[in-house]
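Undergrad: Provided below for reference: sequence and predicted model.
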Amino acid sequence: MSKSIFNRSIPAPRFLLILAVLLSGFGLEAQKQVIDKVICEVGNEVILLSDLAEQIKMTESRQGPMRPEDKCFLLENMMVSKLLVHQAFVDSVIVSEEELESQLDARIERILESMGNDVTQFEAYYGKTTSEVRDDFREDLRNQLTAERMRTQLMEEVLITPSEVRQFYESIPKDSMPYLSSEVEVSEIVLYPVPNEESKKRAKDKMDKIIARLKAGEKFEELAATFSDDPGSARNGGDLGWAKRGSFVPEYEAAAYNLEPGQVSEIVESEFGYHLIQLLELRGNTIHTRHILIKPEIEVQDLDLARNTLAKVRMMILNDSITFSKAVKQYGHKKEQSYSNDGRITNPRSGDTFFEIRDLEPEVYFTLDTMKVKGISSPVELIAPTGEKYYKILLLNSRTDPHQANLKQDYAKFQALAKESKKSELLVKWLETHIESTYIRVDPLFLNCPNIQQWIVKQKNEN
C-alpha cells in the first residue's frame, strides 16, 4: 500500500470515489478546459490537473487500476517534488544545460531502442519529430533532475554510526526478524576465447568473396540475409535501424560516419569479426546503417587455449606468484562489470555483493557448492546469451548458512537499512519545516485527501 510521506493511516471516504471517477475518466484531448486547471501551487511551482491525470495514466499502465487513496498519495509525491524544485531555486541548486541535454539524449535513445531504433515508428507513436518530443520532455526532465539533485544534497552528509546501527537493529521485534537464505560473495576472472589466425583468414576470405558478388551487381540486403553472422539484423537485410553516436563499437562507427549515403565501406575488423557497412541515412549524430558480419569460427584449439590460460592463472594465484586482483587486470575481460571491482561480482538486484545461492547460474552454483571459503575454482565453462562459450575462475570470498538475520553476520545489511531509515527521517523533518515556510495552495477538490490535509494543517499551525 502507498503511504503518506508523514506515514499516517489514510481511510477511504466516499468523496474519494467521486475523485476516482473524475480522474480515471480523463480524455486529454476532450477535456482541455478542465485538464489545464491549476490544482496545486507550491512556492513558484504549479501542478496541473493534466499532470496528475498523466501520472495516474502512466502508473495504471504499469500496475493496473489505482485505488482512490493511492491517487491522493500520488498527488502528494508530486507536491514533494515541487517543493524540492522550489527550494532548489531558492538555494541556487542548478542542473547544467550540458547535463540536461545529455539526459534528454539518453531518454530519447532508450525509447528509440525499445522501438528497434525505428525513427518512423517513434514519430508515428508521438505524432511529432524527435526534436519536438525532446522539447516536450525538456522542462519535466529539468524539474526531475533538479528535485533529485536537491534530495541528494540533503542526504549527502547523512552518516550512520555503529551505535545507531545497533539501535536500529534492537528496535526491530525479534519475532519480526527475517530468516535469510544462504548467501555467498564471489569474485571472478572471465576470459573469452579468441579465434586463431587461420580461422580469421578464412573469415576474411569469405568476406572478399561477398564483396566480389556485391561488385558484380548482387544486392547488399540479399547478401546480408544469406551470409551475415548477425542473425538479428540478417533477417532484415542487415538493417540495424537508427542509432545515436556511441551505440556501436568504435571501429564500426569510425568507418560508418565517414561514408556517404549509399556508400559501402572497406572490410572493418572489430571484436565481433569482420563487417561490411553500408550507410543508408545520416541525421546529425544519428545514423542508419546496415551491415554484413562474418565471424571467425572459434575452434577447439581456441577453447583449449582459453581454458588452459585460466588454469595457469589459477595456479599462479595459489602459488602467490600474483594476487587475484592483479590477475583480474592482467587476464580478465575488460567489459565485465567485475573487472573494475577487483573481480568482485555485484548483485544487480540489490546493488551489493551478496547472492543467494539459488540466484546464481547453475554452473556457478554447482561449482561453489563444493568449494571452501577462499578457495579458487578450476575453469568453469559457460555459454553467453549469444551462444559463444567462455570461461571463468571463481574465488569464494564468503558464505553464510541459512539463518535468522542477526547483527554479527548481517551487519552490512542492517547498516544500509539504518542509513535509509535515517535519510527518511531527515526528509520528513525537512518537509515539515519547509511546508510551514512555503506558500502552498491546493484546489478544494483535493482538500479532503487526509494526507494533503496534513500539509494545510501544518501551514495553519505556523500562521
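TA: It's in.

Undergrad: Can you tell me the SS state at the residue nearest in space to the middle of the chain?
TA: For the chain, the residue nearest the mean C-alpha position is Pro348 (9.6 Å; Cα atoms, centre = their mean). With DSSP: H, G, I helix; E, B strand; the rest coil as the basis, the three-state label of Pro348 is coil.

Undergrad: how near is it to Ser338?
TA: Per Cβ to Cβ, to the nearest Å, Pro348 is found 12 Å from Ser338. For every residue, glycine as well, the C-beta is placed using N, CA and C.

Undergrad: ditto for Thr386
TA: In terms of Cβ to Cβ, Thr386 sits 19 Å off from Ser338.

Undergrad: next one: phi and psi at the residue nearest to the centre of the chain?
TA: For Pro348, the backbone dihedrals (degrees, to the nearest 10) come out as phi -60, psi -20.

Undergrad: one step back: which of Thr386 and Ser338 has more neighbours?
TA: Comparing Thr386 with Ser338 by other Cβ atoms under 10 Å, the one with more neighbours is Ser338, at 20 against 10.

Undergrad: That one contacts Asn347, correct?
TA: No. Using Cβ atoms under 8 Å, Ser338 makes no contact with Asn347, being 11.5 Å away.

Undergrad: what residues go with each domain of this structure?
TA: 15-92+419-462, 182-195+299-401, 197-294 (automatic domain parsing).

Undergrad: what distance separates the start and the end of the last one?
TA: When the termini of domain 197-294 are compared using Cα to Cα, to the nearest Å, they are 15 Å apart.

Undergrad: Now find how far off-centre that domain is within its chain.
TA: 29 Å (Cα atoms, centre = their mean, to the nearest Å).

Undergrad: same question for that domain, mean pLDDT?
TA: Across domain 197-294, pLDDT averages out at 93.

Undergrad: do the longest one as well
TA: On average, the pLDDT along domain 15-92+419-462 is 80.

Undergrad: Begin at 35, not 1, for the rest of this chat.
TA: In the new count, where the first residue is 35, that last one comes out as domain 49-126+453-496.

Undergrad: quick revisit: from Met405, how far out is the residue nearest to the centre of the chain?
TA: Taken as Cβ to Cβ, the span from Pro382 to Met405 is 23 Å.

Undergrad: Same question for Leu394.
TA: 12 Å.

Undergrad: So what touches the strand or helix carrying Asp239?
TA: Using DSSP states H and E, Asp239 falls within helix 231-249. Contacts to helix 231-249, defined as Cβ atoms under 8 Å, 6 or more residues apart in numbering, come from residues 229, 254, 257, 261, 298, 301, 307-308, 310, 326, 328-333, 336.

Undergrad: helix or strand right after that helix?
TA: helix 254-261.

Undergrad: Show me what that following helix is packed up against.
TA: With contacts defined as 3 or more Cβ pairs under 8 Å, 6 or more residues apart in numbering; DSSP states H and E, helix 254-261 has these neighbours: helix 231-249, helix 265-268, strand 320-328.

Undergrad: Verify the contact between Leu337 and Pro227 for me.
TA: Yes. Counting by Cβ under 8 Å, Leu337 touches Pro227, with 5.3 Å between them.

Undergrad: quick one: common contacting residues for these two?
TA: Lys423.

Undergrad: So which of the two has more stuff around it?
TA: Between Leu337 and Pro227, counting by other Cβ under 10 Å, Pro227 is the more crowded of the two (20 against 15).

Undergrad: Surely that one forms part of a helix?
TA: No. Under three-state DSSP, Pro227 sits outside any helix and is assigned coil.

Undergrad: Need phi/psi at it.
TA: Torsion angles, degrees, to the nearest 10, at Pro227: phi -60, psi 150.

Undergrad: Report the contact partners of it.
TA: Going by Cβ under 8 Å, 6+ apart, Pro227 touches 332, 336-337, 339-340, 422-425.

Undergrad: Tell me which two in these are the farthest apart.
TA: Greatest spatial distance among the contacts of Pro227 (Cβ to Cβ): Leu339 and Glu422, at 14.6 Å.

Undergrad: So for these two, which sits in the more crowded spot?
TA: More neighbours surround Leu339 than the other of Leu339 and Glu422, with 15 against 12 (other Cβ under 10 Å).

Undergrad: Secondary structure element holding that one?
TA: helix 334-352.

Undergrad: helices or strands up against that helix?
TA: strand 217-225, helix 358-365, strand 423-434.

Undergrad: by contact count, what packs against the first one?
TA: In this case it means strand 217-225. helix 334-352, helix 358-365, strand 389-390, helix 396-403, strand 423-434.

Undergrad: who touches that strand?
TA: By Cβ under 8 Å, 6+ apart, strand 217-225 touches 340, 343-344, 347, 358, 361-362, 365-367, 370, 372-373, 376-379, 387-391, 394, 398, 402, 424-434.

Undergrad: could you check the angle strand 320-328 makes with the helix holding Asp239?
TA: 120 degrees (axes from the mean of the first three to the mean of the last three Cα atoms, to 10 degrees).

Undergrad: Of all the residues in helix 231-249, which ones are buried?
TA: 233-234, 237, 241, 244, 248 (16 or more other Cβ atoms under 10 Å).

Undergrad: who's in contact with the closest residue to Val298 other than its chain neighbours?
TA: Distances taken as Cβ to Cβ, 6 or more residues apart in numbering place Gln312 nearest to Val298, at 4.8 Å, with adjacent residues excluded. Shown in contact with Gln312 (Cβ under 8 Å, 6+ apart): 254, 272, 293, 296-299, 323-325.

Undergrad: With distance to Ile469 and neighbour count as extra columns, can I get those in CSV?
TA: As requested, the contacts of Gln312 are exported to CSV (distance: Cβ to Cβ, whole Å; neighbours: other Cβ atoms under 10 Å):
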residue, distance to Ile469, neighbour count
Phe254, 63, 21
Gly272, 58, 25
Leu293, 58, 17
Gly296, 62, 10
Gln297, 62, 11
Val298, 64, 16
Ser299, 61, 18
Thr323, 54, 26
Arg324, 57, 22
His325, 57, 26
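
Undergrad: Could I get the contacting residues of Lys363?
TA: Counting by Cβ under 8 Å, 6+ apart, Lys363 has contacts Tyr373.

Undergrad: One more: the one 4 residues further on?
TA: Contacts for His367 were tallied using Cβ under 8 Å, 6+ apart; they are 224-226, 373, 424.

Undergrad: could you redo the last one with a cut-off of 7 Å?
TA: 224-226, 373 (Cβ atoms under 7 Å, 6 or more residues apart in numbering).

Undergrad: In a markdown table: those, plus distance to Glu94, pLDDT and neighbour count.
TA: What follows is these, written out as a markdown table (distance: Cβ to Cβ, whole Å; pLDDT from 0 to 100; neighbours: other Cβ atoms under 10 Å):
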| residue | distance to Glu94 | pLDDT | neighbour count |
| --- | --- | --- | --- |
| Val224 | 42 | 96 | 23 |
| Leu225 | 47 | 96 | 20 |
| Tyr226 | 44 | 94 | 17 |
| Tyr373 | 41 | 93 | 16 |
